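Undergrad: Here is my input; please provide its structure:
(chains A and B)
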Amino acid sequence: MMQPIALLPAHLVSLVVILVLVVVEALLPAVMPPTLPFGVRVPRAKAHHPAVRRATRSFFRRLGGIAVLAILTDLAVLLVPGTGALLAGPAVVVLTAAAFYINYYAAHRTIRRVKEAEDWFSGATQVIVADTRPRRTPSLAWAIPSLAILAVVIAIGIWRYPVLPDRFPTHFGLDGTPDQWSTKSILSAFGILIPQVLLFLISLLVHISLRAARTDVDPEDPDTSWTLQSLQRRRWIRATWGSCALAQIGLGLAALLLWGMLGPATGWTVFALPFGILIGVIVPWLAVLIRPGKAPEAGYGTHRVSASAPGMAPAVHRDDDDHWIGGALYYNPDDPAWMVPKRFGIGWTLNFARPGAWLVLIGILALAAIPGLLAWWSR
Amino acid sequence: MLLYLRPDSDIPLYQQIRDQVVNGLATGQLAPGDPLPPIRQLAADFGVHFHTVNRAYDLLRQEGLIRLHRRTGAVVVCEPAPPAFRDAWRERARVLLAEAFVKGIPPEDILAECAELLNSFVPPAGSAPSTGHSDSSPSTGGVSK
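TA: Numbers count the residues shown, from 1 in each chain, chains lettered A, B, ... in the order given. Here you go, the predicted structure:
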């Protein structure tokens, strides 16, 4: 029967995604700053409180259970007959992600309850710290390779357009034979460039937003927190442009394929191109994440002592749990920052009280939806 | 230099920022020519309203302690004091000393505290050490990092 064999790759994808999620969730507690266990702001003195340790152990126990359940469910869904099974794979992934979030939130809630009951912040002066040192961010020149590739592809398209046949294939089956044709028009020929342009614009937006993102300095360890975040910011911006450029190459090749410039489509090109694009997008980020920013060596600057006045209670980071909805979503209308460090994990997240943040989110979702829309529209 | 804001304090936030910059200049953590972040950047780093930082920078600019640039933020300067400065400062010092005196702190102790604080200050680069220093520490001008 055709169906189970055709479904196997789809389930492989969902299984891989689930495994990746499990690995990521297992590694995240290792990169939590001591003052931020499971997204709860605590003074450094309470970083190894028994409640924190208990919450961590429970987190891992539940993680193991969810992982086993998710993998078994995904394999079991393989046996479900009919077209419903096509959606079942992604459905299991979504449910697994939701379960992981609930796991995180349970740990978050436990620690927070103990913190409030025992008043962990009493006796300490809560402060917000900022560093006046200028920050070095990669210049916008990093956008040039992506822009150049985009310009070259557009130029080739314009040059090629008059020569395109009046009816040309726009969709290929798995073995390379065309199964859909379109009549020649500006939209049908150049529509394939829309994801490329969007990708460039979004990378630009990410660069500009990260440049202005907040550096959250920990008063109990100002140098390390500042240096690490600056390092991460630079790496992320470079990785964004690296991904963008590689994806532009892949998408550009797809455009050339559409315009018939790479010869007849074979099964190999039809399969290899999307795969190549995916690899190109992921590789720069692997390079970033594999070294999550080790503590700086001694040469980075001596450890500065907190400048609190003598006789003042020790300065700790302000208790800012209130602005984080569900321990994961940042909502603070009084904060002008668009991007702030994530509460759990490495990276940045948006300040959802800023309307612009919603635009960025919609933009990214639009980009992700475009291939699906194009496929549906060209049906 | 690290700037600290205490949101729970009675002192307004813009005043805290301004006071710390002045203090930083006095103790050598900031030197003329050092950059300060653009207003929006500092506001984002603190997570406070743009106007708070704007007001602090405005105060400092009026006092001749910083010069604002369009995009690149601000630069610390040390413009000479206007003639009215000495008298205005004296009035503020009068209130400060009166507070301690009224609470029964002996005048010798008050003076000793003042001397100790002044000794912790570092003269900014390029200016002669003020006559208030009891033991003239060598000018370490320019050292800020």
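Undergrad: hey, where'd the strands end up in the chain?
TA: Answering for chain A, as no chain was given. A:125-131, A:167-172, A:178-183, A:315-317, A:324-325, A:329-330, A:339-341, A:348-350 (DSSP state E).
Undergrad: Chain B was what I was after
TA: Ranges of strands within chain B are B:2-5, B:35-36, B:66-69, B:73-76, based on DSSP E.
Undergrad: With mean neighbour count, distance to residue A:232 and mean pLDDT added, can I get the ones you listed in JSON lines?
TA: To be clear about C-beta, it is placed using only N, CA and C from the backbone, and glycine gets the same treatment. Conversion of the strands of chain B to JSON lines gives the following (neighbours: other Cβ atoms under 10 Å in any protein chain shown; distance: least, Cβ to Cβ, whole Å; pLDDT from 0 to 100):
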{"stretch": "strand B:2-5", "mean neighbour count": "22", "distance to residue A:232": "20", "mean pLDDT": "92"}
{"stretch": "strand B:35-36", "mean neighbour count": "23", "distance to residue A:232": "22", "mean pLDDT": "92"}
{"stretch": "strand B:66-69", "mean neighbour count": "18", "distance to residue A:232": "28", "mean pLDDT": "90"}
{"stretch": "strand B:73-76", "mean neighbour count": "19", "distance to residue A:232": "22", "mean pLDDT": "88"}
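Undergrad: Let me have those strands in CSV, extended by distance to residue A:357.
TA: Shown next, in CSV, are the strands of chain B (distance: least, Cβ to Cβ, whole Å):
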stretch, distance to residue A:357
strand B:2-5, 24
strand B:35-36, 27
strand B:66-69, 28
strand B:73-76, 24
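Undergrad: can you tell which of the strands of chain A is closest to chain B?
TA: When those are compared by Cβ to the nearest Cβ, strand A:125-131 sits nearest chain B, at 4.0 Å.
Undergrad: Mind giving me the packing neighbours of that closest one?
TA: Applying 3 or more Cβ pairs under 8 Å, 6 or more residues apart in numbering or on different chains; DSSP states H and E, we find strand A:125-131 packed against helix A:222-258, strand A:315-317, strand B:2-5, helix B:39-46.
Undergrad: could you redo the last one with a cut-off of 7 Å?
TA: Applying 3 or more Cβ pairs under 7 Å, 6 or more residues apart in numbering or on different chains; DSSP states H and E, one finds that strand A:125-131 contacts strand A:315-317, strand B:2-5, helix B:39-46.
Undergrad: what angle sits between that strand and helix B:39-46?
TA: Per axes from the mean of the first three to the mean of the last three Cα atoms, to 10 degrees, the angle that strand A:125-131 makes with helix B:39-46 is 140 degrees.
Undergrad: tell me the helices in chain B, going along the chain?
TA: For chain B, helices defined by DSSP state H occupy the ranges B:13-27, B:39-46, B:50-62, B:85-102, B:107-119.
Undergrad: Most tightly packed of these?
TA: helix B:39-46 (a mean of 23; mean count of other Cβ atoms under 10 Å in any protein chain shown).
Undergrad: what about the helices in chain A?
TA: Secondary structure of chain A (DSSP H): helices at A:2-31, A:50-77, A:84-118, A:144-160, A:186-190, A:194-211, A:222-258, A:267-290, A:355-377.
Undergrad: Looking at these, which is nearest to chain B?
TA: helix A:222-258 (5.5 Å).
Undergrad: The closest one near chain B at all?
TA: Yes: under the criterion of Cβ under 7 Å from any Cβ of the partner chain, chain B is reached by helix A:222-258 at residue A:222.
Undergrad: residues of that helix that come out buried?
TA: A:222-233, A:235-258 (16 or more other Cβ atoms under 10 Å in any protein chain shown).
Undergrad: and it, what does it pack onto?
TA: Helix A:222-258 packs on helix A:144-160, helix A:194-211, helix A:267-290, going by 3+ Cβ pairs under 7 Å, 6+ apart.
Undergrad: And the pLDDT for the closest residue to residue B:121 other than its chain neighbours?
TA: Nearest non-adjacent residue to residue B:121, counting by Cβ to Cβ, 6 or more residues apart in numbering or on different chains: residue B:26, 4.5 Å away. pLDDT recorded at residue B:26 is 90.
Undergrad: Also residue A:234?
TA: 90.
Undergrad: just the CA coordinates of the helix or strand of chain B with the lowest mean pLDDT, formatted as PDB?
TA: Of all helical and strand segments in chain B, the minimum by mean pLDDT, DSSP states H and E falls on strand B:73-76, at a mean of 88. The C-alpha coordinates for strand B:73-76 follow below in PDB (Å, rounded to 0.1, in the frame of the first residue of the first chain):
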ATOM      1  CA  GLY B  73      25.100  59.300  23.000                       C
ATOM      2  CA  ALA B  74      26.900  61.700  25.200                       C
ATOM      3  CA  VAL B  75      30.500  62.500  26.100                       C
ATOM      4  CA  VAL B  76      31.700  63.400  29.600                       C
END
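Undergrad: mind listing what that strand pairs with, with the direction of each?
TA: strand B:35-36 (antiparallel), strand B:66-69 (antiparallel) (DSSP bridges).
Undergrad: who wins for proximity to residue A:163 among those strands?
TA: Proximity to residue A:163 (Cβ to Cβ) singles out strand B:66-69 among the strands paired with strand B:73-76, at 53.5 Å.
Undergrad: how does chain B divide into domains?
TA: Following automatic domain parsing, one gets these domains for chain B: B:13-76, B:85-119.
Undergrad: quick one, which of those is nearest to residue A:144?
TA: Within those, the stretch nearest residue A:144 is domain B:13-76; the backing value is 21.5 Å (Cβ to Cβ).
Undergrad: quick revisit: pipe the helices and strands packed on strand A:125-131 into CSV and attach distance to residue B:53 per row.
TA: Shown next, in CSV, are these (distance: least, Cβ to Cβ, whole Å):
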stretch, distance to residue B:53
strand A:315-317, 19
strand B:2-5, 10
helix B:39-46, 5
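Undergrad: closest one to residue A:277 among the strands of chain B?
TA: Closest of those to residue A:277 is strand B:73-76, at 40.0 Å (criterion: Cβ to Cβ).
Undergrad: Go ahead and name everything in contact with the closest one.
TA: Around strand B:73-76, the neighbours that count as contacts under Cβ atoms under 7 Å, 6 or more residues apart in numbering or on different chains are B:25, B:30-38, B:41, B:57, B:65-69.
Undergrad: Repeat the analysis, applying 6 Å as the threshold.
TA: Residues outside strand B:73-76 that contact it (Cβ atoms under 6 Å, 6 or more residues apart in numbering or on different chains): B:30, B:32, B:34-38, B:57, B:66-68.
Undergrad: ditto for stretch A:134-141
TA: A:211, A:230, A:234, A:237-238, B:35.
Undergrad: pLDDT below threshold where in the chain?
TA: As the question left the chain open, I've gone with chain A. In the predicted model of chain A, residues A:1-11, A:80-86, A:172-177, A:263-270, A:290-313, A:371-379 satisfy pLDDT under 70.
Undergrad: Actually, chain B is the one I wanted.
TA: In chain B (pLDDT under 70), the answer is B:124-145.
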